[in-house]
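1. all I have is the shape, not the residue letters:
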């Protein structure tokens, strides 16, 4: 099971969705001790949840 769905972390404004990030994303960040989506992406790479393309 993936801890973070990276597509849900994309800024809603960039997807054309009004308002802020969904509340569940904020709860995930708090539970993981992360302060923003950038740290979530770094966490995902460092923990092996995602790999760079080509590997």
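-> Thanks, I have the structure now. It should be emphasised that the depicted structure is a prediction, and the values quoted were computed from it without experimental measurement.

2. which helices and strands sit right next to the helix or strand hosting residue 46?
-> If you go by DSSP states H and E, residue 46 is part of helix 37-47. Here helix 37-47 touches helix 23-32, going by 3 or more Cβ pairs under 8 Å, 6 or more residues apart in numbering; DSSP states H and E. Glycine gets a C-beta too; all of them are placed from N, C-alpha and C.

3. and the angle for the helix it packs on with helix 37-47?
-> 60 degrees (axes from the mean of the first three to the mean of the last three Cα atoms, to 10 degrees).

4. may I see the buried residues of helix 23-32?
-> Neighbour-count burial for helix 23-32, with 16 or more other Cβ atoms under 10 Å as criterion, is recorded at 25, 28-29.

5. with these in mind, which one is nearest to residue 50?
-> residue 28 (14.9 Å; Cβ to Cβ).

6. average pLDDT for the helix holding residue 46?
-> For helix 37-47, the mean pLDDT works out to 92.

7. can you pull the pLDDT of residue 12?
-> Reported pLDDT for residue 12: 54.

8. can you start the count at 49 instead of 1 from here on
-> In the new count, where the first residue is 49, that last one comes out as residue 60.

9. and the gap between residue 100 and residue 92?
-> Distance of residue 100 to residue 92, given as Cβ to Cβ, to the nearest Å: 11 Å.

10. the two - which one has more neighbours?
-> residue 92 (19 against 6; other Cβ atoms under 10 Å).

11. pLDDT at the closest residue to that one other than its chain neighbours, what is it?
-> Nearest residue to residue 92 in three dimensions, chain neighbours excluded: residue 98, at 4.8 Å (Cβ to Cβ, 6 or more residues apart in numbering). Residue 98 carries a pLDDT value of 90.

12. tell me how many other residues crowd residue 98.
-> Using other Cβ under 10 Å, residue 98 has 14 neighbouring residues.

13. separation between it and residue 72?
-> Counting by Cβ to Cβ - residue 98 and residue 72 are separated by 19 Å.

14. on that earlier part again, the helix holding residue 94: which residues count as buried?
-> In helix 85-95, counting by 16+ other Cβ under 10 Å, buried: 85, 88-89, 91-92.
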